[in-house]
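# Sequence first, then the predicted structure:
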Amino acid sequence: MEQYLDHGHGEALLRNPQVAQAVESALLHFDGERYRLHAWVLMPNHVHVLFTPLAGHGLSDILHSWKSFTASQANRLLGRQEELWQRESFDRFIRNEEHFAAAVAYIEENPVKAGLCARPEDWPFGSARRRVKQTPGAETSLGAHASLGAQASSLPQTLTIMQAGMPALPGPARRDSMPNIKIVLVGGGSYSWGPKVLSNILSNEYLNGCRVVLHDINPEPLELNFRLALKYKELADSDTAFQQTTDQAAAFDGADYVVVTISTGGLKTMRVDLEVPEKYGIFQPVGDTVGPGGLSRALRNVPVFLQMARAMEEHCPSAWMLNVSNPLSALTRAVNKETGIRAIGVCHGVRNVMHRYARFLGAELADCAFVNTGIDHCAWATDLFIDGRDAGELLLEKGVDEWLAKPATEAKEDEALGELYHLRCGLLLWRQLGVLPAISDRHMVEFLPNFIQGMDNLEKYGVERTSIADRENNYATARARTERMLAGEDELKLSAGSDDVAGWIAALDGGPPIEDNLNAPNIGQIPQLPPDAIVETRGILDKTGIRPIVSPMPEQIEAIVRPHVLREELTVEAAVEGDFDKALTVLSGDPLLPSIDIARPMLEEMLAANKDWLPQFGL
């Protein structure tokens, strides 16, 4: 293989100096923050890198970040869309000081060995050239190279070879034997989400025969959903094995995928999220992402997610966490920021809204071509074409402007456009901003002022809320349906829901690749937002991992979204550190607050009411 590489076989895409420069810049970008680079060289068709991962950053995460970002940059420069990197890297761990020195020499001599230059420092894209140029005494990882050899026995260095531009190895076909996959469903006792994800898994042919563990801290609903899973299994004639447990360590041991849907404190704490802000004139429709309710929910959920992620580091360090819980962006960010676990967020909102527009215009989701950019529950469609035509033009032809001019109550009853009622506020924004929201009103209005500040605005804009009473009724209805199915009093049928968790798992494991709406760390897919923030775009999932699609954000949308991203970072810090002042800063700058004067008393009241779930604040 090394001889094959050294002879420059394959497409040799890294021979392009712009591409090579982009890859080298990516390697250097997080040097000293996520890893320490010791040596590297970019050959025409492959890359050698010797580095030490720093605490909290795993080998697979670092490689994934390099490959995903550089593939996007290279394809843009080359005007291509194919895969840049071969799926597998060749990794070696450095054994000792002697091995370390040999690895550095091997890497930097590679271009000479291949006949590409006379001396290592003559090659333009490698550590040898930079080492020669390094000013004596400069404090960088390269300047410190002479002393690094002494650390070889205590620091786990890794030598990695990444191959570029070579034909991709064929992905695995449908398994003839049982897949060796362990999936853990945290929140496995959920009556609303549990049956849907169980159906989703059992409906996926690639996952037939996997092992699914339902895990919950509440044994009663866990038992009911476990019994339902066994009935579903019989209905689907599936070989999938199911287990249930309240023991987290047993659930996580050897897991490959951990899917999380929880709400710390349940409806009791959610009541605080919604009803305390009401006293101050803020009427959130959902209250699970931003605003006072979203902040309160994040503060009590982040510590729980970090405890789970750290348990995963102990029991299943290579597993993916698929988060379906809100506030989705903040929780997913916390795990990626504070631990070595790879976490991505699953939300069906954008696809559902695209489907609504398609259905209204007489088409299906498959007939839509769209680009969405933003963060979870604040997503925007910068392009939307349905059956090849601009959706905005089609909406205007349907008389949407005249409909938007009607009072909310009249608009809701309109025979022609009434089915768009729950997107009406978004359409009003579209006519002002020129960009169509890609999420329903109940979420979008929580990111903006005016819509939900006071009952008058709620009525004016026709915003409908989901109250605690509604949620209690939904819970009771879902539980009753599960009990009826178990008793044979209701039809037992698989209902997969909108979140294709099974499709994601199958794709990541080597099954059919999938394109879906992806909440993932920002590696450049939205250049206008901070690196590593959890952003929402379309993306591809397959055995190589996740590859978000570049989706630039218009400046008028950046003005709305970016402040929320910055507050989200502070929210995570406040939750991790138990920092009241940081939480107060987040709340004080939220656009839902009608007055800065209410921030402190409202935050104090919410924290006091949920103090049992907020040990980090020492209340």
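Happy to help now that I have it. Numbers count the residues shown, from 1 in each chain.
# can you list the residues that contact stretch 459-473?
With contact meaning Cβ atoms under 8 Å, 6 or more residues apart in numbering, stretch 459-473 is reached by 267, 270-271, 274-275, 283-286, 408-409, 411-412, 421-422, 424-425, 428, 441-442, 445, 451-452, 457-458. The C-beta positions use only the backbone N, C-alpha and C, and glycine is treated the same way.
# and those, which are buried?
270-271, 274, 283-286, 408, 411-412, 421-422, 424-425, 441-442, 445, 451-452, 457-458 (16 or more other Cβ atoms under 10 Å).
# After the helix or strand harbouring residue 473, which helix or strand is next?
Residue 473 is part of helix 468-486 when elements are defined by DSSP states H and E. Proceeding N to C from helix 468-486, the next assigned helix or strand is helix 501-509, under DSSP H and E.
# Remind me what that next one packs against, helices and strands.
Judged by 3 or more Cβ pairs under 8 Å, 6 or more residues apart in numbering; DSSP states H and E, helix 501-509 is in contact with helix 194-202, strand 257-260, strand 320-323, strand 514-521, strand 534-542.
# For that helix, what is the distance to the chain centroid?
14 Å (Cα atoms, centre = their mean, to the nearest Å).
# swap in stretch 521-537?
10 Å.
# Buried ones in it, by neighbour count?
Applying 16+ other Cβ under 10 Å to stretch 521-537 flags 521-526, 528-529, 532-537 as buried.
# And for stretch 340-356?
Neighbour count says stretch 340-356 has 340-347, 349-351, 353-356 buried, by 16+ other Cβ under 10 Å.
# same check, this time on stretch 47-54
Under 16+ other Cβ under 10 Å, the buried positions of stretch 47-54 are 47-53.
# Show me the contact partners of the strand or helix carrying residue 66.
Assigned by DSSP H and E, residue 66 belongs to helix 59-78. Applying Cβ under 8 Å, 6+ apart, the external contacts of helix 59-78 come out as 13, 16, 18-19, 22-23, 26-27, 30, 34-35, 51, 53, 81-85, 89, 91, 158, 160, 162, 164, 318, 340, 342, 521, 523-525, 544-548, 550.
# Mind checking which of the residues you listed are in helices?
Those of these mapping onto helices are 18-19, 22-23, 26-27, per DSSP state H.
# So which of those residues is surrounded by the most neighbours?
Highest neighbour count within these, by other Cβ atoms under 10 Å: residue 23, with 27 neighbours.
# Tell me the pLDDT of the nearest residue to that residue once chain neighbours are set aside.
Excluding its sequence neighbours, the residue lying closest to residue 23 (Cβ to Cβ, 6 or more residues apart in numbering) is residue 70, at 4.8 Å. We have a pLDDT of 87 for residue 70.
# got a list of what residue 619 touches?
Per Cβ under 8 Å, 6+ apart, neighbours of residue 619: 607-608, 611.
# just residue 391 next, same as before
Neighbouring residues of residue 391 by Cβ under 8 Å, 6+ apart: 357, 361, 381, 384-385, 436.
# Most neighbours of all the residues you listed, which one?
Busiest of the contacts of residue 391 [other Cβ under 10 Å] is residue 381, holding 26 neighbours.
# helix/strand/coil for that residue?
Per DSSP: H, G, I helix; E, B strand; the rest coil, the secondary structure class of residue 381 is strand.
# Would you check that it makes contact with residue 358?
No. Judged on Cβ atoms under 8 Å, residue 381 makes no contact with residue 358 at a distance of 11.9 Å.
# quick one: which of the contacts of residue 391 sit in helices?
Members of those lying in helices (criterion: DSSP H): residue 357.
# In a markdown table, list the contacts of residue 391 along with distance to residue 301 and pLDDT.
Shown next, in a markdown table, are these (distance: Cβ to Cβ, whole Å; pLDDT from 0 to 100):
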| residue | distance to residue 301 | pLDDT |
| --- | --- | --- |
| 357 | 32 | 97 |
| 361 | 38 | 96 |
| 381 | 29 | 98 |
| 384 | 33 | 97 |
| 385 | 38 | 97 |
| 436 | 31 | 97 |
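# Closest to residue 505 out of the contacts of residue 391?
Distances from the contacts of residue 391 to residue 505 were compared by Cβ to Cβ; the smallest belongs to residue 381, at 27.2 Å.
# Quick check: the gap between that closest one and residue 550.
Distance, residue 381 to residue 550, using Cβ to Cβ, to the nearest Å: 15 Å.
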